[in-house]
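1. Fold the following for me, if possible:
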Amino acid sequence: MMHNEDPRAPACLPAMAAVRRLSRRHFLVAAAALAAARAGGAQAQDAPAMKFVGPTEAAVFQRLMAVTLPVDGTPLLPLSQVPVLATLDAALLGTMAPHVLAGLKGGIGFWNDGPRAAFGRPFVELNDADATRFCDQWANGTEVPQRALSMGLKKLVALAYFANPPTWAPLGYDGPTTAKRQIPSLGNAPLPRA
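-> Now for the predicted structure:
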């Protein structure tokens, strides 16, 4: 069966459209809630149980984090200290309509099975070089579902990592200036016209 014949491919497109509409603010709110929950003494590894991220999704996201967020040897926080999966669970999957969530989960399964033809194994079993090569192949491919998944899943991982305030200090970012300057939120109000 060709990749474009897989029924999971077109089914994931509404979920990827939802991912494109996500804002950084959406993830920041979820990360703040997770930080508040952990403030009682729990560590990142003691994050709450996943409600929407299943074992397959967790394995794919963990593998994707390892190849798209190479933080080892950098000033960035190690992945083990950042509740990326919990942020994804709370900020994305938990807010999706059931049919969109099903499409995303199908797309994640499609992504995981994608490298079988070229590499002989699922994504979660690829070494770093092959996993990176697969990500690049799908990101630059001709099939819309493959490009959408490549962009969308990498975006989710990066947003969920950097939505957590402890990741900001190594970047020299000390948080939203609106909060420090007590600028009231105007929601989605349009900018003033000149």
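2. which helix of the protein spans the most residues?
-> Longest helix in the chain, counting residues (DSSP state H): helix 144-162.
3. quick one: average confidence on that one?
-> Averaged across helix 144-162, the pLDDT comes to 90.
4. Let's see the helix or strand following it as PDB, backbone CA atoms only.
-> Next helix or strand after helix 144-162 toward the C-terminus (DSSP states H and E): helix 177-180. Listed next in PDB are the C-alpha coordinates belonging to helix 177-180 (Å, rounded to 0.1, in the frame of the first residue of the first chain):
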ATOM      1  CA  THR A 177       6.700  41.700  28.900                       C
ATOM      2  CA  THR A 178       3.000  42.300  29.100                       C
ATOM      3  CA  ALA A 179       2.800  40.600  32.500                       C
ATOM      4  CA  LYS A 180       5.900  42.500  33.900                       C
END
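5. Looking at helix 177-180 now, give me its mean pLDDT.
-> Averaged across helix 177-180, pLDDT comes to 78.
6. just stretch 80-97 next, same as before
-> For stretch 80-97, mean pLDDT rounds to 86.
7. Next, the buried residues of that stretch.
-> 82-93, 96 (16 or more other C-beta atoms under 10 Å). C-betas here are computed from N, CA, C, even on glycine.
8. residue ranges of the helices in this structure, please?
-> Using DSSP H, the helices assigned to the chain run over residues 8-11, 13-21, 24-38, 55-68, 84-91, 98-113, 116-119, 128-139, 144-162, 177-180.
9. Now render the ones you listed as CSV, adding distance to residue 189.
-> Converted to CSV, the helices of the chain look like this (distance: least, C-beta to C-beta, whole Å):
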stretch, distance to residue 189
helix 8-11, 36
helix 13-21, 18
helix 24-38, 14
helix 55-68, 34
helix 84-91, 23
helix 98-113, 27
helix 116-119, 48
helix 128-139, 35
helix 144-162, 23
helix 177-180, 13
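10. Out of those helices, which is the most enclosed?
-> helix 84-91 (a mean of 24; mean count of other C-beta atoms under 10 Å).
11. Spatially nearest residue to residue 146, not counting backbone neighbours?
-> Taking C-beta to C-beta, 6 or more residues apart in numbering, and ignoring the residues beside it in sequence, residue 146 has residue 138 as its nearest neighbour in space, at 4.2 Å.
12. By mean pLDDT, flag the weakest helix or strand of this structure.
-> Of all helical and strand segments in the chain, the minimum by mean pLDDT, DSSP states H and E falls on helix 24-38, at a mean of 54.
13. isn't the residue nearest to residue 146 right up against residue 149?
-> Yes. With contacts counted by C-beta atoms under 8 Å, residue 138 reaches residue 149, the gap being 6.6 Å.
14. can you list residues touching both of these two?
-> Taking C-beta atoms under 8 Å, 6 or more residues apart in numbering as the contact rule, residue 138 and residue 149 both touch residue 111.
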